[in-house]
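[1] mind looking at a prediction? Sequence and model below.
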Amino acid sequence: GAVVSQHPSWVICKSGTSVKIECRSLDFQATTMFWYRQFPKQSLMLMATSNEGSKATYEQGVEKDKFLINHASLTLSTLTVTSAHPEDSSFYICSAETGTGADTQYFGPGTRLTVL
Amino acid sequence: QQPVQSPQAVILREGEDAVINCSSSKALYSVHWYRQKHGEAPVFLMILLKGGEQKGHEKISASFNEKKQQSSLYLTASQLSYSGTYFCGTLTKGDKIIFGKGTRLHILP
């Protein structure tokens, strides 16, 4: 149980285009999902907390107009990187809480974004 | 505030033991341990809750000293599959999990 999927796994795009990343909880309902980015050999940096049916809460320094988050259902959250630039290249990982009260987060497999 | 992990990296031979420490300057509600292999997402290992406890499965166990705001992850008789980066995530009441910088573990045959 507690499986989270992400799509796509890899994406290469041209500078200036937008990229949408999907995060799905496959076998449970996730009222809260989290979006992280991770640079090589570094820790997970929380970008935003996504709650179903409400606006996402962004961490300090994360541009909400740049990184659009939509949590349309209890099993799907999307992150759209708008007008992507090479400095946006990173490993983006989502996670979801099972809501069992233990606050355990289960991570998706990640999406590697390369902006040319 | 980001928890501090030590050591930053360790190399072991297969069958040796390792201890990875995680400490925080804040009172902790829980500590979460994850392992991440290169190019993959972190995989949940275990959670330790306030009240001080020890947990383990197979040859990987952990302890949580609530008073010292520290947790340690114990890897005994390490296997090649244990290689990866280990992250601790700390949670204070009403806050979000904050992850440490990670400890890179490399197991040699």
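    That came in fine, so what should we check first?

[2] any idea how far chain B is from the residue lying closest to residue A:14 once chain neighbours are set aside?
    The shortest distance from residue A:14 to any non-neighbouring residue, by Cβ to Cβ, 6 or more residues apart in numbering or on different chains, is to residue A:116 (5.6 Å). Every residue, glycine included, has its C-beta placed from N, CA and C. Separation of residue A:116 from chain B (Cβ to the nearest Cβ, to the nearest Å) stands at 20 Å.

[3] next one, pLDDT for residue A:116 please.
    Predicted confidence (pLDDT) for residue A:116: 94.

[4] quick one: contacts for it?
    A:12-15, A:86 (Cβ atoms under 8 Å, 6 or more residues apart in numbering or on different chains).

[5] could you dump the residues you listed to a markdown table with distance to residue B:108, neighbour count and secondary structure?
    A markdown table is the format used below for these (distance: Cβ to Cβ, whole Å; neighbours: other Cβ atoms under 10 Å in any protein chain shown; DSSP: H, G, I helix; E, B strand; the rest coil):
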| residue | distance to residue B:108 | neighbour count | secondary structure |
| --- | --- | --- | --- |
| A:12 | 35 | 11 | strand |
| A:13 | 39 | 16 | strand |
| A:14 | 42 | 8 | coil |
| A:15 | 42 | 12 | coil |
| A:86 | 36 | 9 | helix |
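
[6] which among the residues you listed gets closest to chain B?
    residue A:12 (15.5 Å; Cβ to the nearest Cβ).

[7] need the residues of chain B near chain A, please.
    Contact residues, chain B versus chain A (Cβ under 8 Å from any Cβ of the partner chain): B:2, B:30, B:32, B:34, B:39-44, B:47, B:49, B:87, B:89, B:91, B:96-102, B:104.

[8] pLDDT-wise, which helix or strand of chain B ranks last?
    strand B:53-57 (a mean of 67; mean pLDDT, DSSP states H and E).

[9] give me the next element, helix or strand, following that one.
    Note on strand B:53-57: by DSSP states H and E, the next helix or strand toward the C-terminus is strand B:60-65.

[10] name the helices or strands packed onto the following helix or strand past that next one?
    Remark: after strand B:60-65, the chain's next helix or strand is strand B:70-75, criterion DSSP H and E. Helices and strands touching strand B:70-75, as assessed by 3 or more Cβ pairs under 8 Å, 6 or more residues apart in numbering or on different chains; DSSP states H and E, comprise strand B:18-23, strand B:30-36, strand B:60-65, strand B:84-91.

[11] got a list of contacts for the helix or strand harbouring residue B:107?
    Using DSSP H and E, residue B:107 falls within strand B:103-108. Residues from elsewhere that reach strand B:103-108, judged by Cβ under 8 Å, 6+ apart: A:41, B:5-14, B:18, B:20, B:75, B:78-80, B:82-87.

[12] count of neighbours near residue 73?
    All of this is about chain A. Look at residue A:73: counted by other Cβ atoms under 10 Å in any protein chain shown, it has 13 neighbours.

[13] chain B was what I was after
    25.

[14] what of residue A:58?
    18.

[15] residue A:58 contacts residue A:48, correct?
    Yes. Here residue A:58 reaches residue A:48: they are 4.6 Å apart, a contact under Cβ atoms under 8 Å.
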